[in-house]
Structure formats: C-alpha cells, structure tokens
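Undergrad: predicted model and sequence below, questions to follow.
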Amino acid sequence: MDKILIRGGKSLNGTIPISGAKNAVLPILAATLLTDHKVHLGNIPHLRDVTTMMELLGQHGATLTVNERLGVEVDCSSVNNTLAPYNLVRTMRASVLVMGPLVARHGQAQISLPGGCAIGSRPINLHLRGLEAMGAEIDLSGGYVSAKASRLKGANIVFDLVTVTGTENLMMAATLAEGRTILENCACEPEVTDLANCLISLGAKIQGAGTSTILIDGVEALHGGSHNILPDRIETGTFMVAAAMTGGDLTMTGTDPRMLDAATQKLRQAGAIVEEGADWVRVIGPEHLRAVDIKTLPHPGFPTDLQAQYLAMNCVAHGAAMVTETIFENRFMHVSELQRLGADITVNGNTAMVRGMGTLRGAPVMATDLRASACLVLAGLAAEGETEINRVYHIDRGYERIEEKLKAVGANIQRIHG
Ligand code: EPU
C-alpha cells in the first residue's frame, strides 16, 4: 500500500491547476446510460472513482473511448446488463447513481445495496422511495435492490432531507418518465446543476436545478452531445486551506470561486487574504491564523467535504473554535489521527471543540476516508518534522496527483509505493 511522506513547515507558493469535479463527473458518467447516442465528456479528472464508474459502465455493456487528454466518449447503445455488482458498489457508493438511468432507459436495475461507510450509515431509502413514487417496483433480496418499471411516471416528490445523489438519481430518472416530475427540498450543490446542464444539452427538459425545486418534463429519448465537467470546488478549497495553513501564497486556476463563498468567508475570518477572479482564486496565508467556528450544511452552506480540512486548520490556529457536523453522523474519524500530531480536540456528539495550538508535530498517521486523508496531508504540510500518511489509496479516489501538485508549489512531499 502506498504512503505519503511529508516534511512540513514550508510555506507553499505558486499556481495550482484545478481538475474536473469528482462529484460532478460521477453522476454525469451515469447519465450517459440514458441515451443510445454518443456523449463526449471533457475535463475528466484522473481519479480512482472515475475509473471505477467507467468500469461499471463497461460492465453494463457501454463502450468508452478515452480519446484525448481529459476526454472520454461514452456509447451506451449496446447496454445489455442492468446489474451493478457488489465488488464495484462496495468500493464506491456513487455506483448507486446508475439506478435511476437504468430503470428509466431499460426498465430495470439490480444494484448491490451499499453498506455503511467510514463517515456514516448513508442509506439510500430516499432514492428508492422516489423511484417507487414514479411507479417502480422495488425489491430487496440477497443484498441487491432491484427496481422495475415498464415506463416511469412523473410524480411530486418532497425529499425528507437534502440528498445530493438522491436528487441526481431522481432527476435523471425523471428525464425519460411519462409526464412532469416535481422534486422539492432538492440539493442545490453546483454538481447537481452541472448534471442538469449536461442532461439539458442532451435534450432533457429540466428547470430549477440549483434551487430547492426542480421541474422535469419527461421526454421520449435523449440525443448525443458533449459537456465539460465543472471544476472541483472541494479540491480548490483544500488547496486554499493549504495556503492559509502554511502562511503561503497560492493561486488556484481553472476553477470557479463563486462555488466556495462559505469556505472563502471562513478563511477571511481566519485572517487569510482571498482574492478572486472569474476562474481563479488566490489565498495568502497570515502569519497567525485565528480559529473559526464551522457548521456544515447543504449548499450554499459550509460543505461537509471541507470540514476535515478546516478542522486541521483550526488545530494550527490561535484560539478555540467549534466544528459542528450536521450532514454525516460519524465524520470525525480524522480527529484521533490529528491528535497523534499533537492537536487538542474534544469531540462531543456531532461537535468538535478545537483549541488551536499554533503548531503540530509530525507523526505516522492513517487515512480513514477521502477527505480525512486530505486533512492529514494539510496537517503534515503545516507540522514540524515528518508525517507519514498510510492508506493513501483513499486520497487517490478524489484528488488527482495531489503530491505532484503540492510538490510543484514547494511542498516537501513524496509518495512511497508499497
Ligand atoms: N441520506 C438518507 N437517505 C438517503 C440519502 C441520504 O438518510 O436516501 C442521508 C445521508 O445518510 C446523509 C445525508 O442524507 O446523512 C446527506 O447525504 P447525501 O445523500 O447528500 O450524500 P451523498 O449523495 O451520498 C454526496 C457526495 C459526498 C458528499 C455528500 C454531501 C457524491 C458522489 N458524493 O454524497 O461526497 O459528502 O453528497 O455533500 O456526490 C466526498 O466527495 O468525499 C463525499 C463523501
């Protein structure tokens, strides 16, 4: 298993190009199952989760051609298998995103039910309830959930709570349903909007994506087209924190800072200077950071996918702050690893009280999930001495060449292949 070695304490300076968004490309790849025509996707990030989703599409019978750097053409005209097997779903929960498209286009799907994961139990009951409301018959047996419908019917669906992939799954399913679907209490994440924009470019009739109510008028079929994946706001935010924590000066390019207003506001409160352009953001870290309270919320609130990184930042800041996680019930696995670096954190339920120490000291640590790994990399960059991060396969799921990007701006970081 690979590990990452970091010798911390260097300030990072320079420019980092941002990759396409993992959480946009995964639903968009799944959406190609809705059409028999070729779909060309650009700005594809090179990530393990993307490879897994491509493998899943291949297993369904799709043909994928990686035809240029960062581009892929997907042809789902010969899809003949509607089963998403355990061995793929267990490595990537987002596999569940093929369910809506498969039922809508092929009348059935059998998906291995994703179990719990490191950050919470993460059920998919709202995806299933929505498909049922659209006329699908749902069955569970042998660890697989099966959904069947000759043609889905439009329905009015109010989500009990805001779910990102739930919104995406039902929005995709509704594009080919008979009649109008109204989804309420939807996720407003930019990745939902990117998926909607891609679907619209393929002929879907969708209004309101990016707001809490989405209206979809089903069509008979979608055509082909092309779409560029939006930039990754979580990767952008992670490097913004790297600049702040190392007292550095980093400019992230090929991104969209408007997707990061809540995170930017918190960095400014912490004392960093943030400058923004249409497709770049620059962060200059202060000499001394101030600890800042964080509460995760659905977009446009503070993203849960940046909680671990900001918690790490608070560890090297001055003062005390509360970090409250409201989206997932178990997303503090990184705390005990940060404590190994000398952090002063007390967890009580869904709140972590951090007393900033001004500094951390390097140690061996273990990554437990994707964003937890990113927070450990950040902590290692700011810590004195050497930090060894084990189980970094988690980070390869969602960060493209993170060690290369950080090395290019001055980090003393290397991957040890093992
Ligand atoms: N939930 C239910 N029932 C459902 C669906 C969700 O109870 O049917 C609960 C979840 O257990 C959770 C909350 O609702 O407590 C919100 O979960 P959501 O469904 O929004 O999460 P997700 O769609 O599974 C996506 C991202 C996550 C990100 C969350 C929240 C993708 C592929 N994944 O997950 O990304 O944390 O939204 O923003 O888009 C990551 O990139 O590291 C990551 C975990």
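TA: Structure received. Residues are numbered from 1 along each chain as shown.
Undergrad: what residues does the stretch 51-200 of the chain have near the ligand?
TA: 94, 120, 122-127, 161, 163-166, 187 (Cβ under 6 Å from any ligand atom). C-betas here are computed from N, CA, C, even on glycine.
Undergrad: and with 8 Å instead?
TA: By Cβ under 8 Å from any ligand atom, the residues of the stretch 51-200 of the chain that approach the ligand are 93-94, 96-97, 119-129, 160-168, 187, 189, 191.
Undergrad: let's see which of these end up in helices.
TA: Asn125, Leu126, His127, Leu128, Arg129, Val164, Thr165, Gly166, Thr167, Glu168, Glu191 (DSSP state H).
Undergrad: drop anything exposed from the residues you listed.
TA: Leu126, His127, Leu128, Arg129, Val164, Thr165, Gly166, Thr167, Glu168, Glu191 (16 or more other Cβ atoms under 10 Å).
Undergrad: any chance of the residues you listed in CSV, with pLDDT too?
TA: What follows is these, written out as CSV (pLDDT from 0 to 100):
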residue, pLDDT
Leu126, 96
His127, 97
Leu128, 97
Arg129, 97
Val164, 98
Thr165, 97
Gly166, 98
Thr167, 98
Glu168, 98
Glu191, 98
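Undergrad: neighbours of the closest residue in space to Glu235 that isn't next to it in sequence, how many?
TA: Once flanking residues are discounted, Glu235 sits nearest to Ile18: 5.7 Å by Cβ to Cβ, 6 or more residues apart in numbering. Residues within reach of Ile18, counting by other Cβ atoms under 10 Å, total 23.
Undergrad: show me the contacts for Ile18.
TA: Pro231, Asp232, Glu235, Thr236, Phe239, Met252, Thr253, Gly254, Thr255 (Cβ atoms under 8 Å, 6 or more residues apart in numbering).
Undergrad: quick one: the helices in the stretch 201-350 of the chain?
TA: Secondary structure of the stretch 201-350 of the chain (DSSP state H, counting those that start in this stretch): helices at 233-245, 261-269, 307-315, 333-340.
Undergrad: out of those helices, deepest packed?
TA: helix 307-315 (a mean of 30; mean count of other Cβ atoms under 10 Å).
Undergrad: which residues does the residue at the greatest distance from the centre of the chain contact?
TA: Distance to the chain centre peaks in the chain at Ser150, reaching 32.3 Å (criterion: Cα atoms, centre = their mean). Counting by Cβ under 8 Å, 6+ apart, Ser150 touches Gly107.
Undergrad: quickly note the distance from it to Ala133.
TA: 16 Å (Cβ to Cβ, to the nearest Å).
Undergrad: and for Glu400?
TA: 38 Å.
Undergrad: need the residues of the stretch 251-400 of the chain near the ligand, please.
TA: Contacts of the stretch 251-400 of the chain with the ligand, taken as Cβ under 8 Å from any ligand atom, map to 298-299, 303-305, 327-329, 369-371, 397-398.
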